[in-house]
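J.: need the 3D shape of this:
(chains A, B, C and D)
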2 protein chains.
Amino acid sequence: MIILVNIRDVARYCGVSAMTVSRALNNSNQISQATKEKILKACEELGYRPNFAARSLVTKKTNMVGLIIPDITNQYYSHVSKGVSSYLSLQGYGLLLCNSDRRKDDEIRYLNFLAEGRVDGIIILPVQPRKEDYEGIAKEIPLVMADNYAEGLDVSFVGNDNYHGASEIISHMIKQGFKRIGVILGHSSSSASNERFKAYKDVLKKNNIELDNEIVLNSNATFEDGFNLTKVLIEKGVDSIFAINDTVALGVVKYCYLNNIRIPEDIGVAGYDNIEQSSMLPVPLTTVDQNGNQMGKVAAETLLNLLADESTVAKKIILKPKLVIRKSLRENI
Amino acid sequence: MIILVNIRDVARYCGVSAMTVSRALNNSNQISQATKEKILKACEELGYRPNFAARSLVTKKTNMVGLIIPDITNQYYSHVSKGVSSYLSLQGYGLLLCNSDRRKDDEIRYLNFLAEGRVDGIIILPVQPRKEDYEGIAKEIPLVMADNYAEGLDVSFVGNDNYHGASEIISHMIKQGFKRIGVILGHSSSSASNERFKAYKDVLKKNNIELDNEIVLNSNATFEDGFNLTKVLIEKGVDSIFAINDTVALGVVKYCYLNNIRIPEDIGVAGYDNIEQSSMLPVPLTTVDQNGNQMGKVAAETLLNLLADESTVAKKIILKPKLVIRKSLRENI
DNA sequence: GTGAAAGCGCTAACAA
DNA sequence: TTGTTAGCGCTTTCAC
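T.: Residues are numbered from 1 along each chain as shown, chains lettered A, B, ... in the order given. Predicted coordinates for the structure are as follows:
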């Protein structure tokens, strides 16, 4: 960190006090237009840059926000990050990015790192959230949770309506004439997976289709699982498969292709997430778009509102995902 | 930014001076084990956190690095970011992420934002780099460029060997028996695209295959371009297509699928980038892996070395991409 | 409209 | 091993 010229150098150069320079830089109206212009010009000439540390030491503001996220290389999370980043940038804030790598201990480590006054507030997309991990820190620094909620915490939250998204796509499958819908879920401890499964059960019931647990499978939500479990489901006579995400759906698609099972004529396939490549498949995937970008924006907005008025009460914002109809569940809608 | 307790509160609580507390916190050896332990315990009890701004104001260190990147939602760049982030985290540094959105003006804006002493050094993956944009800032703050180089700048650089990567895959295509290799390039101003095209020409020459400019097409490197230009190339009788990236290759694959052209029996397809989904296609794509994660790590390492010893001379590190052989160019290797 | 004094929380340098 | 003093670069407060 090299500081070439400070506020006093500028003051001396202009024949004014440091205070006057400060006023010029901070757009105060307690200063005449003439001196302001003179000072700003001098700053240019001298290559002066205000010192961030000194400024934030006295103002107790950093104009920075911390974002703790499970995996920046995941398409969904990278879109969330971009949503956060774009909104912050617009409001003159910077972004301190912390990739927790889905590890609880790194998450906690980053939380403490940020709490040293490096940022004005934190947005966290927690991994396996437990109330105890956040209630302490939330008292020290404004915090917004997103994506994944810790029950019982008095903290603002922005999330996606998994129940709604799954209901939409399952209803659509039934409307398209599918009756025996196999499901490849994620891990049994994943709340997103569980909420979507609940929607599946409710929609089936509403349509008088009996639930068959034989065609509901748990998995690690990988491409390979999608591929392997498709064999199992097809042997059990499903006419369609709802995959917990598009990556799993890609596994389903590959199995079908290699076994000459046509999509959607022989079997319907539904995904979730709307990753970029799902529209690029030979038979593009019908899926659910969670709009991570929007979630990031809303989370950032919520946090900045909280910073502007810390007395704001915590609120829960649940975003509605959107059904994206393409061709993997037949065309005629 | 809420500061509950400062170093003097801890000092008072322990009956020592602030300086002693500072020593305990900074692992100085100028302090007895007993007092150190007592102080550390007191810090815990009082919930004391060192103040980042105050500390960096006096030490002139932030333990932060800025990363300016064109688009965090792009798979390649997100892997670069993760490489940077992981390495920094290991070394006790934080990451200030700036998404330039491929806009030159935002890039410059971020550069100035960071130069206010927010970070100790900067890694930038520039968009259309021009020497003039960086030579000023590089004198003020340690800078490492990556991915894309500004000619004539005396700054460290970490990049990928596009010529090598393309040579490898074109050579492989010829070895697999393809003779009339169509090419879908990117924009004519893209240096990566031009370097790969040069490799294409050289490898053809070395194998005594005459260059036919009719089957070399420029594009915007999109999925749609891949789809549309495949028609053109097939009409010109190519036996294979080298796409400038995997997204374009996905367009090629889709066109072939919809027109009952078999891969690799009827036509060979080669991509570049090794995006996650290229291995998930029914016929997985042979492509070139640039290993963005590695590039990020090396860039971060280079910068941290520079911070440790600013007299280090600028160096250029060119990483070798790796050919990834899958099935889209026939199996028998 | 401008300036002087004080201090944000911390550590470097020196003193004891 | 511990403490004192000074000051990092800036803004707040109050005086003029």
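
J.: so stretch A:137-157, near DNA strand C or not?
T.: No: figure legend: stretch A:137-157 not in contact with DNA strand C (CB under 7 Å from any atom of the strand); closest approach 13.6 Å. Just so you know, the C-beta spots here come from the backbone N, C-alpha and C atoms, and that holds for glycine as well.

J.: name the residues of that stretch that are buried.
T.: Buried residues in stretch A:137-157, defined by neighbour count with 16 or more other CB atoms under 10 Å in any protein chain shown: A:137-138, A:140-150, A:153, A:155-157.

J.: now do the strands in chain A.
T.: Using DSSP state E, the strands found in chain A span residues A:64-69, A:94-99, A:121-124, A:143-146, A:156-160, A:181-184, A:216-217, A:240-243, A:268-270, A:287-289, A:316-319, A:322-324.

J.: for the shortest one, name the packing helices and strands.
T.: Helices and strands touching strand A:216-217, as assessed by 3 or more CB pairs under 8 Å, 6 or more residues apart in numbering or on different chains; DSSP states H and E, comprise strand A:181-184, helix A:223-235.

J.: can you check the first one too?
T.: Judged by 3+ CB pairs under 8 Å, 6+ apart, the packing partners of strand A:64-69 are helix A:75-90, strand A:94-99, helix A:104-114, strand A:121-124, helix A:292-308.

J.: what's near enough to touch the residue nearest to residue A:202 when sequence neighbours are not counted?
T.: Nearest non-adjacent residue to residue A:202, counting by CB to CB, 6 or more residues apart in numbering or on different chains: residue A:167, 7.0 Å away. For residue A:167, the contacting residues are A:199, A:202-203, by CB atoms under 8 Å, 6 or more residues apart in numbering or on different chains.

J.: ok, residue A:167 to DNA strand C distance?
T.: 51 Å (CB to the nearest atom of the strand, to the nearest Å).

J.: model confidence score at that residue, please.
T.: Note on residue A:167: pLDDT of 98.

J.: again, but for the one 3 residues further on
T.: At residue A:170, the pLDDT value in this model is 98.

J.: number of residues surrounding it?
T.: 26 (other CB atoms under 10 Å in any protein chain shown).

J.: over to the one 4 residues further on?
T.: A total of 17 residues lie near residue A:174 under the criterion other CB under 10 Å.

J.: surely it is in contact with residue A:207?
T.: Yes: taking CB atoms under 8 Å as the definition, residue A:174 is a contact partner of residue A:207 at 5.3 Å.

J.: residue nearest the centroid of chain A?
T.: residue A:80 (3.4 Å; CA atoms, centre = their mean).

J.: in this structure that one contacts residue A:296, no?
T.: Yes: the pair formed by residue A:80 and residue A:296 meets the contact definition of CB under 8 Å, at 4.1 Å.

J.: how close does the residue of the stretch 201-333 of chain A found nearest DNA strand C get to residue A:156?
T.: Residue nearest to DNA strand C within the stretch 201-333 of chain A: residue A:310 (17.2 Å; CB to the nearest atom of the strand). Plainly put, residue A:310 is 12 Å away from residue A:156 if you go by CB to CB, to the nearest Å.

J.: quick one: buried residues of stretch A:260-267?
T.: A:263-264, A:267.

J.: oh sorry, the question was meant for stretch A:302-312
T.: Neighbour-count burial for stretch A:302-312 flags A:302-304, A:306-307 (criterion: 16+ other CB under 10 Å).

J.: what does the stretch 51-200 of chain A put close to DNA strand C?
T.: Counting by CB under 7 Å from any atom of the strand, the residues of the stretch 51-200 of chain A that sit close to DNA strand C are A:54, A:57-58.

J.: quick check, nearest of these to residue B:212?
T.: Residue B:212 lies nearest to residue A:54 out of these, by CB to CB, at 64.1 Å.

J.: quick one: residue A:70 and residue A:101 touch, right?
T.: Yes: the criterion here is CB under 8 Å, and residue A:70 meets it with residue A:101 at 7.3 Å.

J.: shaky segments in the stretch 151-300 of chain A?
T.: The model of the stretch 151-300 of chain A has no residue with pLDDT under 70.
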